[in-house]
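[1] Here you go, sequence then predicted model.
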Amino acid sequence: MADGASFADESLAGSEGEASGGSAGAEFVTSGFATDVTDSEQVRNVEYLAQRAMLDSSPYAYQVAEHNVRVIDGDERSLLPNLAKMKAAFEDAREALLDDILAAEDFPPGEASTAGVDNNCQASKQGTGTAGVNLQAGYVHDELSAHDPVRIFPGEVNDRPAVQIRAGVGAKVSCDISMEVEPESRATVGATMRHGDTDDACGFVEEPAERLEPLLPEGTR
């Protein structure tokens, strides 16, 4: 595997940006869930609902999710066993992973956070900012690409498909790198800096992302 992170010079919207790195980004293909609907928008809606249902603890939600299957190279299979296995692998790993990947930056120990998602851990360093790692089963790494393509730059981390999300909503000096964990999960490393600009935040977050990538599960396709 090649070492390092690299992201395209243009966002998914096609506008020139300031992404770090300069190699061409990865090509992404979005597949929906196989259902009795054929319209692409309906399939996307079913995919979204099924992903959310996977993370819901109610029996009904799991029944809904179990009836949606993923089509991969013509092979239909249920996502439920894969996602359950991925969620189990992510549990209790967040703090240890964050501490490992931030060791060189001298951050204090990470703490579990309930901000938005399960398996979210953050650490803050006075005068520097906040860094975090999110391990999310049931969410593809480039899920936001269609909603905010101007801020998103495709690329890779150590050959693993990834996207760089620059200056997220409400956080100008911030950067996130979301990496693919097949078949339907992602690991995101992010940072919000107290000083500097978006380039500084992206430069900071690349090294922790490179350290995290080898610790993630290998692809299953």
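    Cool, got the structure. Numbering: from 1, shown residues only.
[2] from here on, contacts and neighbour counts on C-alpha atoms
    OK.
[3] Next one: T128 relative to H195, how far apart?
    Note on T128: its distance to H195, by Cα to Cα, to the nearest Å, is 7 Å.
[4] These two - which one has more neighbours?
    T128 (15 against 12; other Cα atoms under 10 Å).
[5] Phi first, then psi, for that one.
    Dihedral pair for T128: phi -110, psi -60, per degrees, to the nearest 10.
[6] check contacts around it.
    M193, R194, H195 (Cα atoms under 8 Å, 6 or more residues apart in numbering).
[7] who does Q122 bridge with?
    E111, G132 (DSSP bridges).
[8] Can you tell me which helix or strand of this protein has the lowest average pLDDT?
    strand 33-34 (a mean of 28; mean pLDDT, DSSP states H and E).
[9] Which residue, other than its chain neighbours, is closest to R211?
    Spatially, and ignoring its direct neighbours in sequence, R211 is nearest to I101 (5.6 Å; Cα to Cα, 6 or more residues apart in numbering).
[10] what's that neighbour sitting at in phi/psi?
    Note on I101: backbone dihedrals following degrees, to the nearest 10 are phi -80, psi -20.
[11] Model confidence for it, exactly?
    The model reports I101 with a pLDDT of 71.
[12] For burial, what's the neighbour tally of it?
    When neighbours are counted by other Cα under 10 Å, I101 comes out with 20.
[13] mind checking how far it is from E184?
    Distance of I101 to E184, computed by Cα to Cα: 23 Å.
[14] repeat for P154
    For P154, the distance to E184 - Cα to Cα - is 17 Å.
[15] Counting neighbours, go ahead and name the busier of those two.
    Set side by side, P154 and E184 show more neighbours around P154, with 28 against 18, by other Cα under 10 Å.
[16] Secondary structure element holding the more buried one?
    P154 is located in strand 152-157, with elements delineated by DSSP states H and E.
[17] what's the average pLDDT for that strand?
    pLDDT averaged over strand 152-157 gives 90.
[18] Starting from it, tell me which strands it pairs with and how they run.
    In the sheet, strand 152-157 lines up against strand 5-7 (antiparallel), strand 160-166 (antiparallel) (DSSP bridges).
[19] L216 is nearest to which of these?
    Each of these has some distance to L216 by Cα to Cα; the shortest is strand 160-166, at 10.0 Å.
[20] avg pLDDT for the closest one?
    90.
[21] quick one on the thing from earlier: tell me which residues touch the residue nearest to R211, please.
    Per Cα under 8 Å, 6+ apart, neighbours of I101: P208, A209, R211, L212.
[22] Am I right that the second one falls within a helix?
    Translated: A209. Yes. According to DSSP: H, G, I helix; E, B strand; the rest coil, A209 belongs to a helix.
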